[in-house]
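>>> Below: sequence and its predicted model.
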Amino acid sequence: MWIADVAALISPGHAPDWDRVVAVAREVGAERILRLGLRLASDVLGADLPVHLEPFIRSDGAVSRLAAQITNRLASPEPRDIGILQRAAFRVRMRGGLLPGAAYLFRLLLSPTEEDWTAGKEGNRPLFWTP
């Protein structure tokens with residue numbers, strides 16, 4: 001769903017001010033996440049990338065590896081569960097390094113999820129993670 005949203009954003013007639021988008025991503029430390037979202041929109045849905053951003057998007061080898069990992073997972077006929085440690089490692093790589101990744105993980109840990117806001121589910125989750 002999110003990949004389709006990104007593809008819709010970069011479709012002709014809907015493109016944002018890309019210089020501003022890149023500047024904001026840089027400001028908040030989300031350049032790799034921006035590159036990954038754009039790369040996936042192109043690889044998975046065939047969205048045309050903004051021509052002047054292709055070098056920016058394709059210059060990050062980690063983004064190429066992350067995009068391939070996601071694309072392979074999406075193409076798999078059987079969904080596979082990803083363990084908590086694998087998800088954490090993925091998010092660290094997605095954020096661009098150990099310290100930024102750890103800060104990102106910590107922020108995610110403290111942020112409510114959609115499930116947290118679902119009425120009636122408040123008592124169904126353990127207070128702490130259990131294997």
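Good, I have the coordinates. Residues are numbered from 1 along each chain as shown.
>>> so which helix or strand takes in L85?
In the assignment (DSSP states H and E), L85 maps to helix 84-95.
>>> average pLDDT for the helix or strand following that helix?
Using DSSP H and E, the helix or strand that follows helix 84-95 in sequence is helix 98-110. Taken as a whole, helix 98-110 has a mean pLDDT of 75.
>>> for stretch 27-41, same thing?
Mean predicted confidence for stretch 27-41 is 91.
>>> Would you mind measuring from the closest residue to I3 other than its chain neighbours to A103?
Setting aside the residues directly before and after it, I3 is nearest to L40 in space (Cβ to Cβ, 6 or more residues apart in numbering), at 4.8 Å. The C-beta positions use only the backbone N, C-alpha and C, and glycine is treated the same way. The gap separating L40 from A103 is 23 Å, by Cβ to Cβ, to the nearest Å.
>>> Repeat that for I82.
Distance from I82 to A103, by Cβ to Cβ: 21 Å.
>>> same check, this time on G13
Distance, G13 to A103, using Cβ to Cβ: 36 Å.
>>> So between the two, which is more surrounded?
Neighbour totals were compared for G13 and A103, and A103 leads with 14 against 4 (other Cβ atoms under 10 Å).
>>> Give the full set of residues in contact with the more buried one.
By Cβ atoms under 8 Å, 6 or more residues apart in numbering, the contact set of A103 is R95.
>>> I figured A25 hits G37, correct?
No - A25 is beyond contact range of G37, at 9.7 Å (criterion: Cβ atoms under 8 Å).
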